[in-house]
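In: Structure, please.
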Amino acid sequence: MEAAVTECRCDLETELERMIASHEGKKDDLIEVLYWVQDKYGYVPKDVQLIIADKMNVPLSTINGVITFYHLFSSKPKGKYEISLCNGTACYLRGAPRVLERFEKELGIKPHDNTGDNMFSLNLIRCLGACAVAPNITVNSEPRARMAPDLVPEIINELKAKNYTGVIDDETD
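Out: I've put the predicted structure just below:
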């Protein structure tokens, strides 16, 4: 099993080097390269950041700055199900703190952390742009509107059962 993981990782690193070469190492393409890495690995590992820094001749501090500035990048592994809670003004005023508190209680983690089994990640984001149906969450980038604390256990149980559909609740007020 370990050999398969190592081989897989080597294949990804070879593919990464080809991807960087296809951009001729242009520093302006850093975000595109990081997006590719995030998609392939699920996060941007430190050793991969070092490869990017070397091949693209970009300081590691610049790469870290981009990763920490954009919420779609992560420097640590994410859970299988990434739950992101909107903490923008409308969501906040319509109950996001209570929804967050329920997720924290049910999952046993704080924002920007993973459960011990890496099944769930919990994140806070600024705004999903769906203020009229606040509060909002996303699960693996799929939106869910009109969240309420009592819906949290249902969502977690659906995800655990792998039956989560990601369907947007489009009821009207």
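In: Quick check: residue 144 touching residue 152?
Out: No - checked against CB atoms under 8 Å, the pair residue 144 and residue 152 is beyond contact range at 10.7 Å. For the C-beta atoms, the positions are set from N, CA and C on the backbone; glycine is no exception.
In: can you give me the helices for the protein?
Out: 2-22, 30-41, 46-56, 60-69, 89-93, 96-107, 152-160 (DSSP state H).
In: Can you mark which positions in the last one are buried?
Out: When neighbours are counted by 16 or more other CB atoms under 10 Å, the buried residues of helix 152-160 are found to be 152, 155-156, 159.
In: what's next to that helix, contact-wise?
Out: 81, 83, 99, 102-103, 106-107, 119-120, 137, 139, 144, 164-165 (CB atoms under 8 Å, 6 or more residues apart in numbering).
In: go again using 6 Å as the cut-off
Out: Judged by CB atoms under 6 Å, 6 or more residues apart in numbering, the contacts made with helix 152-160 from elsewhere in the structure are 81, 102-103, 106, 164.
In: Which of those scores worst on pLDDT?
Out: Minimum pLDDT across these is recorded for residue 164, with 53.
In: Report the separation between residue 126 and residue 84.
Out: From residue 126 across to residue 84, the span is 10 Å (CB to CB, to the nearest Å).
In: Out of the two, name the residue with the larger neighbour count.
Out: When neighbours are counted by other CB atoms under 10 Å, residue 84 comes out ahead of the other of residue 126 and residue 84, with 20 against 11.
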